[in-house]
Every structure is written in structure tokens, then in C-alpha cells.
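Participant: Everything below, folded, please.
(2 chains)
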Protein chains: 2
Amino acid sequence: MDLASLETPVPVVDLDIVEANLKRMQDYCDAHGLALRPHIKTHKIPALARRQLELGARGITCQKLGEAEVMADAGLDDILISYPLVGEPKAERLAALARRAKMRVSIDNPLALETVARAARHGHEIGVLVEFDSGNGRTGVTSIDGVVELARAIRATEGVRFDGLMNYPVSARSGEILRDLLPRLKAEGLEPPVISGGGTPNAFRTHEMAPVTELRVGTYIYNDRMTVGAGHARWEDCALTLHVTVISRPRPDLAIIDAGSKVFAADIMPGGPGEGHGYFPAYPGAKLHKMSEEHGMVDLSACERKPQLGERLRVVPNHVCPVSNLADRVAFARGEAFQGFTDVAARGRSQ
Amino acid sequence: MDLASLETPVPVVDLDIVEANLKRMQDYCDAHGLALRPHIKTHKIPALARRQLELGARGITCQKLGEAEVMADAGLDDILISYPLVGEPKAERLAALARRAKMRVSIDNPLALETVARAARHGHEIGVLVEFDSGNGRTGVTSIDGVVELARAIRATEGVRFDGLMNYPVSARSGEILRDLLPRLKAEGLEPPVISGGGTPNAFRTHEMAPVTELRVGTYIYNDRMTVGAGHARWEDCALTLHVTVISRPRPDLAIIDAGSKVFAADIMPGGPGEGHGYFPAYPGAKLHKMSEEHGMVDLSACERKPQLGERLRVVPNHVCPVSNLADRVAFARGEAFQGFTDVAARGRSQ
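Facilitator: Numbers count the residues shown, from 1 in each chain, chains lettered A, B, ... in the order given. Predicted coordinates:
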């Protein structure tokens, strides 16, 4: 069976490109003495997580408990949840995970610490990282005093272990904060065993920006139009492409493809909606300028050669992580050879 | 079990609001002699499709074969696929559907007609509607001559039946086109048995805009921030809300909720990204100004009273259809009473 016989729309993952992407990041981490703890949010597939470990990764990162449960079911046993967990049901589930995997959780507030502490009362020690914000305006403690205070609270809490610090995304500002923060923690006897940094776009500059010891990256396994746009990858490093079909050619300069926002997601490029929703390697001038749920509108006015009605096209999506999360399964390939379908086992596990 | 004990994030569908929304649209259609053929793209749940039929709908509309297969599996037996199908595998699946349901398909090009014709060769007649474009720039024949030509081709094709016309969304322009088109078709002996129009935002004005005989609407069952924004519904008509938890309060004016673009989808309001991604009925001033995949950043600067860390919030999403498509299941409720979980059986069926 070859790729051209797969029904469209279908996400196709080239395992040769995956392998090269994984090795490149592992080599970078090895060269700079960084532990690699890949974020599975991008692929959500246990077999790919196992491959990351085989190549040298220290463990994995998940954003949600539901993802961690899928990975633990598949035998992954060293998991960081890089997300504050809040509430009794989350504590129960974290406790169940801690019985079968080495668990760490990042927190940025006392209620999240309480959740981890509740989980730890079931008898398995759980590691805690304090997340600090370096300007992203998302989760993360926003002051050095706040980080120190939370680290002290962790030390004072039974059953949990202060494992260090976490930050996303790593930037020059992360380095500045750490320069001030690390002496403060050392003075308290709270030297962080781990300093975890994340973010694919600047991953290969991590060693220049901040003294992190562990790197959490997700998108690097597949890459996408955004990582290419950021100069982190080339088109040939994009492992996941959407294979689609031209189902209508209502005007000479317009092609309609059989995939819209329910396949591509609606993430827009940093430059705004005007930049379109995907890149067509065989038709670089084609612009996926508009999508409805199941239709993609492709402006062909900048194409000399134009795709025909019924033609199959390949598209690199803007942001690959939500594309995985929309698909129940992906097709694995090596070059043009179809290798079978694989379930995106942790898709939709947002709880 | 009450709603407050459900783990977040979770989409909750209030069946009392659903019922009122369904009745309101059915009443409108009955009052104006329109057949209602609801689009299941919004809910993707067979039980809700059956309820639409019980209340008087003529049949259902699906966008993709995969959705139609799920619905046919559940016993729905009168299905319009409002989407051009292209290729041999689609023909095979359409033929299989035609063995167990009355099938219609809309087309806008000869290759899509060929697909239906191939399916019909398996022995079951299939109805065909010609889609015309009234300015949406999506699928649809763009000239009156083109529509007439395609209708003639349908008549000349064995096993398929010319069932009429389709248009999305219905507008005043649709009415103008039909004024010119209908006499042309009549002169050819091709009077359309069905003129199918679609689109929730202007649904209640359909009878003023164009002589359609059948209405395809989807979003009206749940409503969302866009239909409220368009003046079609009130906040209390929004049947699906996302229940989320405040997992971090890094700054006085910022709350982080446990749901981002992998729960809300990233659809932006017609006014642009500045309008945010959801509406908080209990905190009308709160603005979901930014999302990452699993985090929602809520600006509280316009709120006098502000939600606390750990608090549960309810959010009306911008566009509800892709929200359903992200969820494996939704919680059904009546008011505050939890009624059980229901699988979103046709989610992700984009093929």
C-alpha cells in the first residue's frame, strides 16, 4: 500500500524525518550536558515517546494527567507534569500514577502544592518543581521572593521533594532571573537539583541563555510552519504533513481542499491571519488563505502551475501540536512507503 | 452527582436549552413551510440527531462521509452530504451508505458527479443537489450557465436523480441568483424539487431572503459567542459551556484556567483576535485574551469582583462546532443536574 492510496484528509508522519529530528536534539543536549525530557504534547503517541527514550532522553514531559496516564499505561515510568494540578480528583489520579511511575509536578502556587501533598500522602514521594515566569504571562511565580517562599513551603511539606525550578520558554530573561535567584536559594540550603527549561524555537540556544540542566521540547519531533518561520527548521525537517485532495476548482485562481479547521486547527502565524494556514511544498505560491470547518480555500493567484481538480496535495500546517490533537490516528511512512496507522493515544486528554 | 463534581475542563450541554433551541427553529420552519434538515456538524451525537427528527426535522445533513456512517450506524436513514465527494474510495463508501439510508449529495463539479454515479452503479439511486455560490468564495458553481450545465449532466447520468439546488449561506444575493436561475431550469424541464439553504446566523430571515424549501442549520442547537454576537441568540440560549478551573493567579489581574486551544479551539471572533476567546457569564468583564494549548489566560482588569484560585468557571466559547470536535464526550445536564456523559460519536470523522 502506498501513501497515494490513503483516503484524505490524513496526517502522515515520516519516521525517517522524525528520527533525524530526534537525533539532532539529543545530540545537542549531549553536547551541552543537558538532560532531554521531551514533551509528548506534540505527538501524543507512546511508541514515539519510547523512541525518544531509546535515543537518550531522561524521561518525558506531559501537560495533563490524562496524557501521563496514557503514557504510564504504555510503560513510560519517568514523567514530569509541567502544569499546576488543583483539586482532590487530580490528587487521587496523581497518587495512582505515583504508584507506577516516578512522578514530578511543577507548581506555582500553594493550592497546587497542596494537591501534590495530598497525592503524596498515599505513600509515594513526589518531586516538585517551582515554575517561574520570565515574561510569558502564563503560569509561573512572578517574583524571586515568591519562588523562594514556595520552595521553602515545599521543603516543609511531608512526602514531597523539592526538585528544583521550571521555566517556559527559556530566554535571556530566564538567565537574568536565575542569576539573582540561585544565590538566594543556595543561601537557604535549597539548591535546585533540576533547572528545567522549555520551548522548541530557541532550543538550540538554550546553553547560551540560561543555566538550565534539563530541556523540555515538544514540537521539534515534527516541526511545522512556525518552527520553519522561526529559523529553527527547514521544510525538509517537517515530519507531519496533511495529505488532502482538491475537491473543487470553482474559479481559475481558487482550489478547495477537503480539510479545514477541524483538521488543521485554526492557529495563526505570528504575523497574523494574512499569512495563511499552511505551506504546500509542491506549490510554494499557494496560500491557504481561509478555512471553514471542513473546507480549505487555497488562493492560487501566485502559482504559475496550478493544482487540478482531484489532485492530492501535501500541506505543512502552521502549528503541528493541535493537528495531532485533532486526529484519532496518523499514518506512519518512510519516504513514500506507508508503514501503517498508529493511534494518537493521548489526544483529547485535557483533564 | 452534581455538575460541580465533574473534573475540569469539561464541555457541559444543557438539554433544556437544547430542547428550547430545537423547538424554536422547528417552529420557525413550520411557520414558513420550510423542511428542516439540521446539520449534525455541531453536536456530532446520534441521540441529538434523533431528537431533532422527533421534533419534526425531515432528515439530517452531514459534511463528511465519516459523520454519515456514524449516524447511519445509529439508525438515521435520511442523510444529505452537503459536500462534494471526489474519488473511488468515497464512491465505495457512499454506495455502502445508500444500501441502508436515503442518500443525497451536493456537488459543484463533474468529478464529484462521477463519484456519485460510481456509487449509484451499485444499485441504489442517489439524489444530487447542485451547489451554487452566492459570494462565499467556497465550494459552489459560480455562474448560472454552470449550474444549468451541471443539472443537465445529472439528468443524463444513470442512477442519479436531480434533486435540486444547494447554497450556503443563504443571503439576499442567493435570492437574486435564484430569480434568474429558476426560470432557466424550468425552461429545461429541470425544476428543482429541493432548494436547500443553510447558515444559523441569518436562519430566521431565510423566508425573506430566498425561496428555499429546506433549511440546513447546525450551530442553533448549542449557540455560541458568535451567534450571540450576530444577534441570533441570547447568552441564556447557549447550551454548551466549558467548565474550567482557575489553576493559577500569578498576578492580581490575571487568572490562568485549565483549558486552552486544545479545548476551546482557536477560532477568532469576526472582530479579530482582540475580542478574546470566550465569555464568562459570572464575570462578564473577564477576557480570555490569550491561549496556549492547555492554558487560558484571563485578563481580569475590567472585573470588580475577581475569581479566586481554585474556583470553577463557566465559559461560552467563540465557536462551538470545533469545541465538540475536540471532545471525546460531553456531559449532559438539565440545569444543575448532571445527566451522564455522552460520546461525541462523530468527532474527528473528517474523511
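
Participant: I'd say A:Lys102 and A:Ile79 touch.
Facilitator: Yes - contact criterion Cβ atoms under 8 Å: A:Lys102 and A:Ile79 qualify, at 7.2 Å. Using the backbone N, CA and C atoms, a C-beta is placed for each residue, glycine as well.

Participant: what is in contact with the two at once?
Facilitator: A:Gly59 (Cβ atoms under 8 Å, 6 or more residues apart in numbering or on different chains).

Participant: Among the two, which residue is more densely surrounded?
Facilitator: Ranked by neighbour count (other Cβ atoms under 10 Å in any protein chain shown), A:Lys102 and A:Ile79 place A:Ile79 first, with 27 against 15.

Participant: Residues in a beta bridge with that one, which ones?
Facilitator: For A:Ile79, the beta-bridge assignment (DSSP bridges) gives partners A:Ile60, A:Met103.

Participant: Hmm, it is touching A:Cys62, no?
Facilitator: Yes - between A:Ile79 and A:Cys62 there is a contact under Cβ under 8 Å: 5.9 Å.

Participant: shared neighbours, those two?
Facilitator: A:Ala68, A:Met71.

Participant: quick one, helices of the stretch 1-150 of chain A?
Facilitator: Shown for the stretch 1-150 of chain A, the helices assigned by DSSP state H, counting those that start in this stretch span residues A:15-31, A:46-54, A:65-73, A:88-98, A:110-120, A:144-155.

Participant: Would you mind listing what in the stretch 151-300 of chain A touches chain B?
Facilitator: Within the stretch 151-300 of chain A, the positions near chain B by Cβ under 8 Å from any Cβ of the partner chain are A:245-251, A:254, A:256, A:258-259, A:261-263, A:265-268, A:273, A:290, A:292-295, A:297.

Participant: Sort out which residues of stretch A:29-42 are buried, please.
Facilitator: Neighbour counts using 16 or more other Cβ atoms under 10 Å in any protein chain shown place A:Cys29, A:Leu34, A:Ala35, A:Leu36, A:Arg37, A:Pro38, A:His39, A:Ile40, A:Lys41, A:Thr42 of stretch A:29-42 among the buried residues.

Participant: Relative to B:Gln351, how far out is A:Arg329?
Facilitator: In this view, A:Arg329 and B:Gln351 are 11 Å apart by Cβ to Cβ, to the nearest Å.

Participant: And the residue in the stretch 251-351 of chain A positioned nearest to chain B, its phi and psi?
Facilitator: Using Cβ to the nearest Cβ, the single residue of the stretch 251-351 of chain A nearest to chain B is A:Ala266, 4.2 Å away. Main-chain torsions, A:Ala266, degrees, to the nearest 10: phi -110, psi 20.

Participant: got a list of what it touches?
Facilitator: For A:Ala266, the contact set (Cβ under 8 Å, 6+ apart) comprises A:His277, A:Met291, B:Ala265, B:Ala266, B:Asp267, B:Ile268, B:Pro322.

Participant: same deal with A:Phe204?
Facilitator: Residues in contact with A:Phe204, defined by Cβ under 8 Å, 6+ apart, are A:Tyr28, A:His232.

Participant: Residue ranges of each domain in chain A, please.
Facilitator: Listed domain ranges for chain A are A:3-9+A:226-343, A:32-221 (source: automatic domain parsing).

Participant: Compare the ones you listed and report which one is nearest to B:Arg50.
Facilitator: Taking Cβ to Cβ, domain A:3-9+A:226-343 is the member of the domains of chain A nearest to B:Arg50, at 22.5 Å.

Participant: The closest one spans what distance, first to last residue?
Facilitator: For domain A:3-9+A:226-343, the first-to-last residue distance is 17 Å (Cα to Cα, to the nearest Å).

Participant: What of stretch A:164-177?
Facilitator: In stretch A:164-177, first residue to last residue: 14 Å (Cα to Cα).

Participant: What are the contacting residues of that stretch?
Facilitator: Contacts with stretch A:164-177, where a contact means Cβ under 8 Å, 6+ apart, come from A:82, A:106, A:129-136, A:138, A:140, A:144, A:147, A:178, A:181, A:192-199, A:201-202, A:206, A:209-213, A:216.

Participant: If you average the pLDDT over that stretch, what comes out?
Facilitator: What stretch A:164-177 shows for mean pLDDT is 97.

Participant: Equivalent analysis for stretch A:293-312, please.
Facilitator: In this model, stretch A:293-312 has a mean pLDDT of 98.

Participant: same thing with stretch A:49-61?
Facilitator: What stretch A:49-61 shows for mean pLDDT is 98.

Participant: Same check on stretch A:120-136?
Facilitator: The predicted model assigns stretch A:120-136 a mean pLDDT of 97.

Participant: can you tell if it touches chain B?
Facilitator: Yes - residues of stretch A:120-136 contacting chain B under Cβ under 8 Å from any Cβ: A:Asp133.

Participant: can you pull the buried residues of that stretch?
Facilitator: The neighbour-count check on stretch A:120-136 (16+ other Cβ under 10 Å) flags A:Ala120, A:His124, A:Ile126, A:Gly127, A:Val128, A:Leu129, A:Val130, A:Glu131, A:Phe132, A:Asp133, A:Ser134, A:Asn136 as buried.

Participant: Same check on stretch A:143-154?
Facilitator: For stretch A:143-154, by 16+ other Cβ under 10 Å, it's A:Ile144, A:Gly146, A:Val147, A:Val148, A:Leu150, A:Ala151, A:Ala153, A:Ile154.

Participant: For the residue lying closest to the fifth one once chain neighbours are set aside, name its beta-bridge partners.
Facilitator: Looking back up the chat, that one is A:Leu150. Once flanking residues are discounted, A:Leu150 sits nearest to A:Val130: 5.0 Å by Cβ to Cβ, 6 or more residues apart in numbering or on different chains. A:Val130 has these beta-bridge partners by DSSP bridges: A:Ile107, A:Leu165.

Participant: which residues does A:Asn136 contact?
Facilitator: Listed by Cβ under 8 Å, 6+ apart, the contact partners of A:Asn136 are A:Tyr168, A:Pro169.

Participant: quick one: it and B:Pro250, what's the gap?
Facilitator: Separation of A:Asn136 from B:Pro250 (Cβ to Cβ) stands at 10 Å.

Participant: same thing with A:Ser350?
Facilitator: Distance from A:Ser350 to B:Pro250, counting by Cβ to Cβ: 21 Å.

Participant: circling back to that earlier point, let's see which of the contacts of A:Ala266 end up in helices.
Facilitator: Among the contacts of A:Ala266, the members found in helices (DSSP state H) are B:Pro322.

Participant: is it true that A:Ala49 touches A:Ile60?
Facilitator: Yes - using Cβ under 8 Å, A:Ala49 makes contact with A:Ile60 at a distance of 5.3 Å.

Participant: Next, show the common contact partners of the two.
Facilitator: Listed as contacting both A:Ala49 and A:Ile60 by Cβ under 8 Å, 6+ apart are A:Pro38, A:Ile40, A:Met71, A:Leu76.

Participant: Could you check how many residues crowd around the last one?
Facilitator: For A:Leu76, the number of neighbouring residues by other Cβ under 10 Å comes to 21.

Participant: quick revisit: from the residues of the stretch 151-300 of chain A next to chain B, keep the buried residues only.
Facilitator: Buried among these (16+ other Cβ under 10 Å): A:245-250, A:254, A:256, A:258-259, A:261-263, A:265-268, A:290, A:292-295, A:297.

Participant: Out of the residues you listed, which sit inside helices?
Facilitator: Using DSSP H, those in helices are A:Ser261, A:Lys262, A:Val263.
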